[in-house]
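J.: sharing a model that was predicted from the sequence below.
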Amino acid sequence: DTAVSQTPKYLVTQMGNDKSIKCEQNLGHDTMYWYKQDSKKFLKIMFSYNNKELIINETVPNRFSPKSPDKAHLNLHINSLELGDSAVYFCASSQASGTSGHRYFGPGTRLTVL
Amino acid sequence: GQQVMQIPQYQHVQEGEDFTTYCNSSTTLSNIQWYKQRPGGHPVFLIQLVKSGEVKKQKRLTFQFGEAKKNSSLHITATQTTDVGTYFCALNTGNQFYFGTGTSLTVIP
């Protein structure tokens, strides 16, 4: 059984479009995250949710909007896609909130903006 | 967000050679974690170090946490092709949690 799943795995789209990435975890964790990994493999936190509430919102353009309908799901919606948004987006979860607990990562969504 | 530079950024080794990556922080850490990301894959948690001077082993991998809890290393003995990937440290200062820049390891058969 997949612990953290993301859909889609690949996303190719034109500049200016709006797209969403879905994430689900079946580990019973309270905290979920979105990370962006660029071409240099840097892993940067974008958002963190604890029990459906936003607890970390790094300097991310407001074109990115996370939504957590329940603590097992954290979706990412991106408006007006730009070339620089091309990256791999990883969803992750952890048992503990904040800085504690190690992350369980999803398989990633490779977003390519043309 | 913050990021810490891991050294080296890239490493190519012959199969059978040893490999070490270092993670150095200017801040005293609560703990440090290590992750491995295979090419095309996602980061996978390897281990967490909490105590000053702690040393942990997982088969051919040895993890060390510095006495001052500001640095850490991951050493792989006699690398194999299955060790290929990017190794990340993840630093927990108590207030913040952030990943190092990673070390990409290539093993030449």
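T.: Yep, it's here.

J.: contacts, neighbours, all on C-alpha from now
T.: OK.

J.: what does stretch B:68-83 rub up against?
T.: By Cα atoms under 8 Å, 6 or more residues apart in numbering or on different chains, the surrounding residues in contact with stretch B:68-83 are B:13-32, B:51-53, B:60-66, B:105, B:107-109.

J.: can you tell me which of those residues are in strands?
T.: Among the contacts of stretch B:68-83, the members found in strands (DSSP state E) are B:13-14, B:19-24, B:31-32, B:61-65, B:105, B:107-108.

J.: which among these end up buried?
T.: In these, burial by neighbour count holds for B:13, B:19-24, B:31-32, B:61, B:63-65, B:105, B:107, counting by 16 or more other Cα atoms under 10 Å in any protein chain shown.

J.: out of these, the closest to A:Phe105 would be?
T.: Minimum distance to A:Phe105 across those is 17.2 Å, recorded for B:Ile32 (Cα to Cα).

J.: contact partners for the closest one?
T.: By Cα under 8 Å, 6+ apart, the neighbours of B:Ile32 are B:Gln48, B:Leu49, B:Val50, B:Phe65, B:Ser72, B:Cys89, B:Ala90, B:Leu91, B:Asn92.

J.: can you name the residues that contact the third one?
T.: B:Val50 makes contacts with B:Ser30, B:Asn31, B:Ile32, B:Phe65, as judged by Cα under 8 Å, 6+ apart.

J.: what pLDDT does it get?
T.: You'll see B:Val50 listed with a pLDDT of 95.

J.: ok, now how distant is it from B:Phe97?
T.: Distance, B:Val50 to B:Phe97, by Cα to Cα, to the nearest Å: 14 Å.

J.: can you get me a residue count around the residue nearest to A:Tyr10 when sequence neighbours are not counted?
T.: Closest residue to A:Tyr10 apart from its sequence neighbours, by Cα to Cα, 6 or more residues apart in numbering or on different chains: A:Arg110 at 4.8 Å. The number of residues packed around A:Arg110, counting by other Cα atoms under 10 Å in any protein chain shown, is 19.

J.: wait, A:Arg110 sits on A:Val88?
T.: Yes: here A:Arg110 lies in contact with A:Val88, judged by Cα atoms under 8 Å, at a distance of 4.3 Å.
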